[in-house]
Every structure is written in C-alpha cells, then in structure tokens.
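# Show me the folded form of this:
(chains A and B)
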Amino acid sequence: MAQQDLKESRIKKLNDLIGKKINPYPLKYDVTHKAAEIRDNFEKLEKAKVKIAGRLMLMRMHGKSGFGHVKDDSGKIQIYVALNFIGEEKLAFFKSLDIGDILGLEGEVFKTHTGEITVNVFDFTILSKSLLPLPEKWHGLSDVEVRYRQRYLDLIINEDVRESFKTRSRAIQLARSFLKEKGFLEVETPMMQPIYGGAYARPFITHHNALDMDLYLRIAPELYLKRLIVGGFEKVYELNRNFRNEGISTRHNPEFTMLELYQAYADYNDMMNICEDLVCYLVREIKGSLEIEYQGQKLSLNKPWKRIKYFDALQQFTGVDFSKIKDPEEARSEAKKMGFEPDPKASLWEIANILFEEKVETNLIQPTFIMDYPKELSPLAKQKPDDPELVERFEPYIGGREIGNAFSELNDPLEQRKRFEEQVEKRKQGNWEAHPMDMDFLTALEYGMPPTGGLGIGMDRIIMLLVDTNSIRDTILFPLLKPKAEEKGDGA
RNA sequence: GGGCCGCUAGCUCAGUUGGCAGAGCACCGCCCUUUUAAGGCGGGUGUCGAAGGUUCAAAUCCUUCGCGGCUCACCA
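Numbering: from 1, shown residues only, chains lettered A, B, ... in the order given. Modelled structure (predicted):
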C-alpha cells in the first residue's frame, strides 16, 4: 500500500475513535513502572499491578488473544492481551491499533510458558495515534540520509544510536562535574560577536536589525574568556557551541561543541595535566578502562601521554629538520620532493604546517602531545623563554586526530598588538582565516592579565572516541544537511 | 569544491544482454487464547531521485541536475 493509503487507513481509524468518543490524543497518563524496572525486578513485581506507557512496536494477534511489545525510554517489554482478561470491546480496540501508536497500559506482571516477563493487560488507553508507518521491525532503518534527517526514527528503531547519544550526554555532564571539582566556574560569553577571533576559521555572518550592524557567530570563545581572567576570575570554562563557516566532513560540522578553559597563574604544562586528567576521567567512567579499542585500533590512554616537539615530529615523519631551515624556498623544495605544491605565498612555517598535517597527524594514533609550535602559526600564544621563534603551545592527538589546542596565553599587550598586526597583514594578502585586530581585547590586556594557561577540547571528537565512530554526525543529533529540493523555499 | 559510489513499494533489498516492476517485512481481508522475525489462506500498494536524449522498446544506455555516503582539501 502506498504511504498515502497507509496514512489514510490510520486517519480512518482515528476518526472511528473520535466517533466512539475516544480521545486519540489525551492529556496525560500516570505511569507507575518502566519496562526495564519490571524486567529487572520480576521476583518482586510478579503478580503486581503496573501501569506502563510507551510505543507499540510489535503485535502478534492469535484470534482471541495476542502479544505485543511496548517500548519506553528504558527499553521494551512484552504485553499479553486476552479476551478473558480484557473483554470483547477492548480486544477489538486493541486489534485495531497500529504499530507506532503510543499507549498507556494497566495490567499484572507474569512470566509466559517460554519464560518471558510480560504484562497481562486488563485495560489500556491510546495516548497518541500514529499516522505514519515505522521502518521495518527486522532490518530497521539503515538509510543514513533518513537517519540524519529524521533522527527521531533513528532513535526509535536503532538502540545503539540511542545509547550513543546517552553516552554523549553523560560525557558532557562528567566534564562539567570534573571541572566543578577542580574549582572552575562555568560561564557564558557571546555567541554573536562584533569581531571574531580565537581561531583560524571563517565565520558565519548575521545581522542585527535594530543596531543595523553585522555580527559574527563566534568561531571560539577565547578572547572573551581571557577578558574574564583580566576581570579576576581565576578558573573559568565554557562548554558550548562554536560555529565555523567551513566544509562539512566526517570530522566537521559547522556547529560543534567546544570545551574551552582558562586558569590564571598556570602554563601549558598545567594544561597538559588537566587535558590528560579530563580525557582519562571521561574514558574511564564511560569505557571502564583506559585501554580502549577505537575503529579497530587499540588505544592506551594511560598517563603520561607521549610528548613530542613539533619540529621533532616533523623530522621523524618527513626526515627533514625544519628547525635548521631559514629560507622558505628550501622548505618549498622539500615539500615538492614529498609531492606537495604549497601556495606560492605560503611562508616557511605555513609550508611546514602543510607537511605536518599531511605526514605527521595521521600517524599520531596513541595519545600524544605535540609541543612548541612556530610563533607565526600561533598569534595568541606566549613565546618560549629560550627560543622566541617558538611558542608554548601544544595540541593533543588521539587516533590520528587533533582533539584540542592549548597555550601558555600571551598576556603581553604590546607583543599581542604586534601579532595582530602581522595577522592583519596576512588578511590584506587574502588570508581570510587570519585573525582580525581586536582593539577592545588589547585594551583588556593593557589593564593586565595574569600569566594564564588555556585549553580547548573538541567535545564531539572526544565523544567519537567514546562511542567508537568514524563520523562526527553520529555524535550530533541533528547534523547539518542540505535541504532536499522539495523542502527548499517553503517559508522556513 | 574535486574524485569514487549510491538513490527501485512505508522499511530492507533483488532486478541478467535494453523486452509486462519484483521479494521479505509492514499494510488490507479471513482463520487462530502463551507467541516472540508467531503461523495459515488471499491481496502488490510504484513519479524506479528529477529533467532531457538515444531506441520499436529505458529502472537498465547517454547528458545535465538534485540529495546522500566515502574520500581529498580545512580544522577542533
């Protein structure tokens, strides 16, 4: 039967209910037990009267009796409906139900001949009539496009998807409780910013009508969180969405969840410790062990994680010692030898960075901190005392993926101004990801910011590790997709 | 944005060399009071992603477009 006919047949049933003065969408139902509670406490609950509610997932009618499965958010439980317990009228009503209808049911807990814990239904109420058929009971829903566009169907049908998102929620809560325990204050800073900053990325632009002013959706909260450190908060964090106007991939969604934290009087070594502690805490709580399997690879998160200097890692995987190269042309010829064609305007360090991303990153499977980046690539980080061309910055890698970014924060306002000016110069040359000047932030630094360590962690990527998926879309309930042609321009 | 792959019934999928559009589940009708992918009998419900083109004939071949997946580019 075509979908339209399936729907019409259900609407007819709905109208029949209304004709019998049965409200197909009543207000509430008093639930006494969850499905899992009944299954887990059968000894205590045998012969007990229970009221459950959930979605009818399966029906097996046998003439004057029948079985069904009802699913609530704890799981599913079998129900038994028989003429001698429920009466002729209700049995006929039950037979007319559709899979997908939401019911409230009252009955007695028992075990069938085959040993399945079941509710023998004495009475039931329809709580919501479903008008569209659910995906098939055996093969379920596997079309990824439908799974993302109609996530509710994915959640109804695919138990593992449900579990993944429960794990996500738990990981976010654990991160908050970890930081609370460490004395961090959770704050909320603007998502709409007059000047964007804190990362290399292109922003989304929006417009405030009353002020007739363009605003940017934040690409990072960094510069606002540092203003709070200037303001005297010593440990702050924000765990919320960032927005970057870039390509979509298995590792990128335009909006993603970032944990960013700042601690006064700390440096990047302290940030490495917090990073290890936090990730290990999440992994241990959720996976039960620091030895985990991710996409077929065994990962060991035991502390301490490997620490490799940026140039050492480059040398290890490219065979070239970039710390000795002073001429961009020499770097370019090394890149060409490895089969890369850097942009003609690319600087020495930008060329090195291309090689780092191409040759090094995917090899960093076990947890690794890459430390001490070139200053030019890190305009918000503080120089190393013994080498002013390098900054105290690290990026943690797990499973070949960057999961964060951290520095000893630059708090010298005069140096920060120079760095911004260099960034502005890059923008003039067409690099739209370079940082714009932020005078207001510089003013804040001029009042004095204590030495500070800062750490950002891409939470979606941590959750990818925890739920063992290769696609960020499996960690985001509603990932961004293009609208289908027929959905475009309907006034949405 | 590039490359490769996919799009057929509500769902999961077949469809050969171009020759009447198929199956299972779901659904509809009938039978069945302990089943569990319940069972038995009967019923096919479709804009083959869209639009052009080739052909006597297109789900199938060609072109363009749409959406998705993987991957590359970029990042967290």
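# Can you spell out which helices and strands pack onto the lengthiest helix in chain A?
Longest among the helix segments of chain A by residue count, using DSSP state H, is helix A:159-181. In terms of contact count using 3 or more C-beta pairs under 8 Å, 6 or more residues apart in numbering; DSSP states H and E, helix A:159-181 is assigned the packing partners helix A:151-157, strand A:185-186, strand A:235-243, strand A:255-264, helix A:268-287, helix A:459-467. For the C-beta atoms, the positions are set from N, CA and C on the backbone; glycine is no exception.
# okay, the angle between that helix and helix A:268-287?
The directions of helix A:159-181 and helix A:268-287 differ by 140 degrees, with axes from the mean of the first three to the mean of the last three C-alpha atoms, to 10 degrees as the criterion.
# list the buried ones in helix A:159-181?
Of the residues in helix A:159-181, those scored as buried under the neighbour-count criterion (16 or more other C-beta atoms under 10 Å) are A:161, A:164-165, A:167-168, A:171-172, A:174-175, A:178-179.
# can you tell if it touches RNA strand B?
No. Counting by C-beta under 7 Å from any atom of the strand, no contacts exist between helix A:159-181 and RNA strand B, the nearest distance being 13.0 Å.
# Just give me how far that helix sits from the chain centre.
Relative to the centre of its chain, helix A:159-181 is centred 10 Å away, using C-alpha atoms, centre = their mean, to the nearest Å.
# Would you mind pulling up the elements that the helix or strand containing A:Glu293 packs against?
In this assignment (DSSP states H and E), A:Glu293 forms part of strand A:291-294. Helices and strands touching strand A:291-294, as assessed by 3+ C-beta pairs under 8 Å, 6+ apart, comprise strand A:297-300.
# what's the burial count for A:Gly288?
Look at A:Gly288: counted by other C-beta atoms under 10 Å, it has 9 neighbours.
# I should have written A:Asp343 there, sorry.
Number of residues near A:Asp343 (other C-beta under 10 Å) recorded here: 12.
# What separation is there between it and RNA strand B?
9 Å (C-beta to the nearest atom of the strand, to the nearest Å).
# repeat for A:Glu106
With C-beta to the nearest atom of the strand as the criterion, A:Glu106 and RNA strand B are 17 Å apart.
# What are the phi and psi values at that residue?
For A:Glu106, the backbone dihedrals (degrees, to the nearest 10) come out as phi -120, psi 130.
# ok, and the closest non-adjacent residue to A:Arg147?
A:Asp154 (4.1 Å; C-beta to C-beta, 6 or more residues apart in numbering).
# Tell me which of the helices and strands packed on helix A:159-181 sits nearest to RNA strand B.
Evaluated over the helices and strands packed on helix A:159-181, closeness to RNA strand B peaks at strand A:255-264, with 3.1 Å, by C-beta to the nearest atom of the strand.
# neighbouring strands for that closest one, and are they parallel or not?
The pairing partners recorded for strand A:255-264 under DSSP bridges are strand A:235-243 (antiparallel), strand A:452-458 (antiparallel).
# Turn the ones you listed into TSV, columns for distance to A:Ala346.
Shown next, in TSV, are those (distance: least, C-beta to C-beta, whole Å):
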stretch	distance to A:Ala346
strand A:235-243	26
strand A:452-458	25
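# Kindly compare burial across these and name the winner.
Looking across the strands paired with strand A:255-264 with neighbours counted as mean count of other C-beta atoms under 10 Å, the highest average goes to strand A:452-458: a mean of 25.
# got the CA positions of that strand in PDB?
These are the backbone C-alpha positions of strand A:452-458, laid out as PDB (Å, rounded to 0.1, in the frame of the first residue of the first chain):
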ATOM      1  CA  THR A 452      47.400  32.100  32.200                       C
ATOM      2  CA  GLY A 453      47.100  28.600  30.700                       C
ATOM      3  CA  GLY A 454      44.300  27.900  28.200                       C
ATOM      4  CA  LEU A 455      43.000  24.600  26.800                       C
ATOM      5  CA  GLY A 456      40.300  23.900  24.200                       C
ATOM      6  CA  ILE A 457      38.900  20.400  23.600                       C
ATOM      7  CA  GLY A 458      36.600  19.400  20.700                       C
END
